[in-house]
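S.K.: fold the following for me, if possible:
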Amino acid sequence: MTDKERQDFKRFASEEVEALKAEIPRLEALLVPVAPDNAIGRISRMDNIVNQSVSEAQLSKTRVRLARLGEALRRVDDDEDFGLCIDCSKPIPMARLKAMPETQYCVDCAE
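M.R.: Numbering: from 1, shown residues only. Here you go, the predicted structure:
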């Protein structure tokens with residue numbers, strides 16, 4: 001991986017980290033349960049419960065992605081072989097690294 005590619009990846013990952021950090025409070029706010037004494041209908045209450053489940057899943061995925069990006073940012077600085085497949089030593093495409101920053105395998109070796 002060239003120095004320019006490393007810098008591009010670091011910029012991408014840093015921007016993604018900031019966006020995810022900003023997203024977490026919004027998702028956490030969606031998890032606040034509706035008080036039982038709140039006068040909404042039964043269907044609306046069930047809809048709210050379903051929406052909370054979706055928000056919980058999204059929050060979990062966001063936190064996992066944030067952790068993976070953090071680890072990738074650490075590795076891009078510390079590991080001179082970052083961006084190379086650990087099986088075949090071929091470069092991992094940048095699009096794959098952006099989609100799956102934790103990957104250590106090229107597409108062929110991952111299959």
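S.K.: can we go C-alpha only for contacts and neighbour counts from here?
M.R.: Will do.
S.K.: any idea how far the most centrally placed residue in the chain lies from D3?
M.R.: In the chain, the residue lying closest to the centroid (CA atoms, centre = their mean) is R65, at 2.1 Å. To D3, R65 is 24 Å away according to CA to CA, to the nearest Å.
S.K.: thought F9 was touching A99?
M.R.: No: the criterion here is CA atoms under 8 Å, and F9 misses it with A99 at 11.2 Å.
S.K.: the more surrounded of the two?
M.R.: F9 (21 against 10; other CA atoms under 10 Å).
S.K.: contact partners for that one?
M.R.: M94, K98 (CA atoms under 8 Å, 6 or more residues apart in numbering).
S.K.: for the chain, what's the longest helix?
M.R.: helix 42-78 (DSSP state H).
S.K.: helices or strands up against that one?
M.R.: helix 3-29 (3 or more CA pairs under 8 Å, 6 or more residues apart in numbering; DSSP states H and E).
S.K.: show me the shaky parts of this protein.
M.R.: Within the chain, the segments meeting pLDDT under 70 span 34-43, 45.
S.K.: E102 and A22, how far apart?
M.R.: 21 Å.
S.K.: how far off helix 3-29 does the longest helix of the chain point, in degrees?
M.R.: 150 degrees (axes from the mean of the first three to the mean of the last three CA atoms, to 10 degrees).
S.K.: and the next helix-or-strand element following helix 42-78, what's buried?
M.R.: As assigned by DSSP states H and E, the chain's next helix or strand after helix 42-78 is helix 94-99. Neighbour-count burial for helix 94-99, counted by 16 or more other CA atoms under 10 Å, picks out M94, L97, K98.
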